[in-house]
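J.: How does the following fold in three dimensions:
(one chain, ligands or ions: 1)
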Amino acid sequence: MVKKIFSGVQPTGNLHLGNYLGAIKNFVELNNNDENDCIFCVVDLHAITVKQDPKELRNNIRETVATFVASGIDPKKSIIFNQSSVTAHSEAAWILSCIARTGWLSRMTQFKEKAGKDKEKVSVGLYSYPVLMAADILLYDATHVPVGDDQKQHLELCRDIAQKFNNDFKAENFFKVPEPLIQKEFSRIMSLKDGTKKMSKSELSDLSRINLTDSSDEIINKIRKAKTDPLPMPSKKEELNKRPEAKNLIGIYSSLTGLTFEKSINEFSESNFSEFKEKLSQVIVEKISPISYEIKKLLNEKSFLDEILVEGYEKANEQASLKIKKIHEIVGF
Ligand code: AQP
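T.: Now for the predicted structure:
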C-alpha cells in the first residue's frame with residue numbers, strides 16, 4: 001500500500017538536534033522509500049501563534065527548506081511547500097474548528113506548557129493550533145504522520161476531528177484517519193541543561209540545545225557543559241530511570257550510532273562522563289557538520305530555495321483545492 005506521508009516543521013529558527021532526531025531524520029527515510037508519497041510543509045501559519053519578526057520569519061522559512069534539503073529530502077521526490085501559500089489550510093482550519101470541541105482542546109498539554117501561568121495573554125491561535133494541524137493533515141488524505149513524541153496528543157485530536165466530521169455529515173471515509181509514525185525509542189530529545197525538559201527552539205539558553213547550524217567547536221563546548229550527575233556512567237538500563245541527563249545523552253548517542261541503549265551502556269559502563277562526552281561530541285559533529293555545511297551553502301542560493309517552494313505550492317495547492325471544494329459541498333456551502 002502506498003503510504004501518504006504529511007508532516008510539518010515550524011520556521012521559528014534554531015532548528016536543533018531534537019527536531020532532527022525526532023522528526024527530520026525520519027522524513028529522510030520516508031522520502032527515500034519509493035513506495036511513499038511524501039509532503040513536507042514549512043508551517044508558517046503555526047509559527048505566528050507566537051510573535052515573529054516578519055524579516056526573520058521570511059529568513060527562517062528559507063532556512064527550514066534548506067534544512068530539509070541539506071538533511072537529504074529530495075524536492076523532486078517529495079513536495080516541500082509553505083503552508084500559508086495554500087489558502088485551503090486556513091479555510092479548512094476554520095471549518096474544522098466548528099467540528100472540534102472546546103473540551104478536547106482544553107486537554108492539550110502542549111498548550112498548557114506553552115501558555116504557562118499567563119493563559120489569558122496568549123493568542124487564540126496558540127489554543128486552536130491543533131485544529132490547524134488537523135486541517136494540514138486531512139487536506140491531503142495523509143495516511144501516516146511522522147512526528148516527535150510531543151505531537152502524539154495533537155495527532156489523536158486530528159483523528160477525533162476526522163471521525164466526528166465523517167459521522168456528523170454521514171460522509172463515510174471522507175477524511176482518512178491518519179496513523180502517527182513515532183519512533184519507539186529516542187523520540188523525545190531533552191534539554192542539555194535539564195533532562196526533564198524537551199530540547200526546544202524557544203528555550204532562552206543556547207547551551208540547552210545543539211542547533212543544526214552549530215560549528216564543531218560549539219558542539220564540543222555544549223556537550224562538555226551538558227548537565228550530568230556525579231555518578232560514573234551507568235552499567236544497567238534500569239539505572240537510567242532516575243538519571244534523566246545520562247539517559248538523554250546516551251539516547252542521543254544511540255540514536256546517532258544506531259546502537260541499542262544496552263549496547264551504548266555496555267560500551268561506556270562505569271567510565272567517566274568526560275570520556276563518553278568526548279565520543280558523543282565526535283559522533284554529533286560527524287552527523288551534523290555535513291548538514292550544517294550544506295544549510296549554509298543553500299542559504300546563499302535563495303532563488304533555488306524559492307523555486308522549491310513555488311513548485312511545491314503548485315503541487316500541494318492542486319491537491320488541497322480539490323479537497324476543500326469537496327468539503328464545501330459536504331458542509332452545504
Ligand atoms: N526535543 C524534541 N525531541 C524530539 N522531537 C522533537 N520535535 C521538536 N522538538 C523535539 C519534533 O520536531 C518536529 C518539528 O517541530 P516544530 O518545529 O513544528 O515545533 P515544536 O515541536 O514546538 O519544536 P520546539 O523546538 O519545541 O519549538 P518551540 O520551542 O518553538 O516550541 C515535530 O515533529 C516535533 O515533534
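
J.: Quick check: residues of the stretch 1-150 of the chain near the ligand?
T.: 9-10, 12, 18-19, 22-23, 147-148, 150 (CB under 6 Å from any ligand atom). In short, each C-beta sits where N, CA and C put it, glycine included.

J.: Select from the residues you listed every entry located in strands.
T.: Val9 (DSSP state E).

J.: Neighbour count, pLDDT and distance to Ser202 added to the residues of the stretch 1-150 of the chain next to the ligand, as TSV?
T.: Shown next, in TSV, are these (neighbours: other CB atoms under 10 Å; pLDDT from 0 to 100; distance: CB to CB, whole Å):
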residue	neighbour count	pLDDT	distance to Ser202
Val9	21	97	14
Gln10	24	96	10
Thr12	21	94	7
Gly18	24	94	12
Asn19	24	93	12
Gly22	25	89	16
Ala23	23	90	16
Val147	22	88	18
Gly148	22	83	15
Asp150	18	85	13
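
J.: so how far is stretch 206-213 from its chain's centroid?
T.: Taking CA atoms, centre = their mean, to the nearest Å, one finds stretch 206-213 lying 16 Å from the centre of the chain it belongs to.

J.: Not counting it itself, show me its contacts.
T.: For stretch 206-213, contacts defined as CB atoms under 8 Å, 6 or more residues apart in numbering pick out 14-20, 67, 191-194, 197, 199-201, 203, 218-219, 222-223, 225, 284, 288, 291-292, 295-296.

J.: now swap in stretch 27-39 and tell me
T.: 2-7, 40, 68, 71-74, 77-79, 81, 140, 142, 144, 146, 181, 316.

J.: next one: stretch 243-257
T.: Residues contacting stretch 243-257 (CB under 8 Å, 6+ apart): 17, 21, 25, 185-186, 189-190, 192, 194-196, 223, 226-229, 231, 233-234, 239-241, 259-261, 263-265, 268, 273, 276-277, 279-280, 283-284, 287.

J.: and with 7 Å instead?
T.: 17, 21, 186, 189-190, 195-196, 226-229, 234, 240, 260-261, 264-265, 280, 283-284, 287 (CB atoms under 7 Å, 6 or more residues apart in numbering).

J.: Which of the residues of the stretch 1-150 of the chain next to the ligand sits closest to Gln110?
T.: Asp150 (6.6 Å; CB to CB).

J.: and the residue of the chain found nearest the ligand, what is it in contact with?
T.: Nearest residue of the chain to the ligand: Gly22, at 1.9 Å (CB to the nearest ligand atom). Neighbouring residues of Gly22 by CB under 7 Å, 6+ apart: 148-149, 187-189.

J.: Same question for Leu15.
T.: 64, 67, 211-212.

J.: from those residues, which two are the most distant?
T.: It's Thr64 and Asn211 that sit farthest apart of the contacts of Leu15, by CB to CB, at 13.0 Å.

J.: so where's the stretch 51-200 of the chain uncertain?
T.: Across the stretch 51-200 of the chain, nothing is flagged by pLDDT under 70.
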